[in-house]
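A.B. asks: structure for the following, please:
(one chain, ligands or ions: 1)
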Amino acid sequence: MRVDVVSIFPEYFAPLDLSLIGRARASGTLQLAVHDLRTWTHDVHRTVDDTPYGGGPGMVMRPEPWGEALEALAPPGGNPPRLLVPTPAGAPFTQALAHELAAEPHLLFACGRYEGIDQRVLEHAASRMPVTEVSLGDYVLFGGEVAVLVILEAVTRLLPGVLGNVGSLDDESHAHGLLEAPMYTKPAVWRGQEVPTVLRSGDHGKIARWRRDEALARTVARRPDMIAALPPECLDPRDRAA
Ligand SMILES: COC(=O)c1ccnc(N)c1
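C.D. replies: Predicted coordinates:
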């Protein structure tokens with residue numbers, strides 16, 4: 001997967017050289033390039049923002065540098081990347097979207113700052129490539145850079161060969177519409193608290209049932225919205241009778 005990121009703070013992405021993402025880059029699974037938006041400015045002050053039409057506080061990112069940057073990184077005529085724009089006004093970023101993005105050959109991230117990017121940039125880009133405005137949740141950040149780090153980590157870990165133990169993707173939170181069950185390791189008793197005996201029984205059927213029940217209970221308690229979204233067949237017949 002090729003990933004291009006455009007930001008006025010390219011140094012924000014130094015952490016991507018670390019750990020699993022660093023290995024994914026070294027192995028060639030992930031080809032990542034970070035670009036400074038100011039590369040596409042031409043004035044002495046390398047200006048990227050200006051005051052908003054209609055008034056109001058703050059500044060808006062100018063369309064010209066963005067237009068040139070997106071054309072340089074997604075040249076007309078080539079296979080267009082998918083443009084991702086992190087913004088509080090975006091569609092929710094979910095594990096399902098992470099899986100969708102992990103299947104894309106080329107992602108292009110535009111990191112907005114200030115009050116955002118002139119909307120015409122996204123409208124013009126949408127005439128040449130798929131554009132997804134995406135939100136991490138109902139809160140506001142200084143810029144899109146942190147959101148790109150989160151999205152890239154969620155997507156990269158789904159790429160083939162990145163996670164050593166692929167099985168760990170199977171039962172994690174949101175993998176099957178539920179939150180994951182609690183996990184334990186040695187010692188069997190810690191500060192007087194014992195690991196649930198079923199987990200030490202060796203009965204894999206009982207263990208699987210216990211974990212599913214715990215996942216269901218957690219999801220009901222913490223994320224009732226996820227229960228409402230569950231297809232009925234996900235609920236065991238015994239649960240449906242309840
Ligand atoms: C500037 O970007 C944001 O403030 C942002 C991006 C993605 N998700 C959010 N909840 C906020």
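
A.B. asks: tell me the buried residues in stretch 72-82?
C.D. replies: Within stretch 72-82, the residues scored as buried using 16 or more other CB atoms under 10 Å are 73-74, 81-82. Quick note: C-beta positions are derived from backbone N, CA and C, even for glycine.

A.B. asks: pick the one among these closest to Glu11.
C.D. replies: Distance ranking of the buried residues of stretch 72-82 against Glu11, using CB to CB, places Leu73 first at 18.9 Å.

A.B. asks: right, and the closest one touches Asp4 too?
C.D. replies: Yes - under the criterion of CB atoms under 8 Å, Leu73 makes contact with Asp4 at 4.8 Å.

A.B. asks: stretch 27-39 close to the ligand?
C.D. replies: No - Stretch 27-39 lies apart from the ligand when judged by CB under 6 Å from any ligand atom; the minimum separation is 13.9 Å.

A.B. asks: how long is that stretch from one end to the other?
C.D. replies: 28 Å (CA to CA, to the nearest Å).

A.B. asks: any weak-confidence spans in the chain?
C.D. replies: 166, 234-242 (pLDDT under 70).

A.B. asks: now with 90, please.
C.D. replies: Along the chain, segments meeting pLDDT under 90 span 14-23, 25-26, 75-78, 114, 161-176, 228-242.

A.B. asks: look at Pro88 and tell me its secondary structure.
C.D. replies: Secondary structure assignment for Pro88 (DSSP: H, G, I helix; E, B strand; the rest coil): strand.
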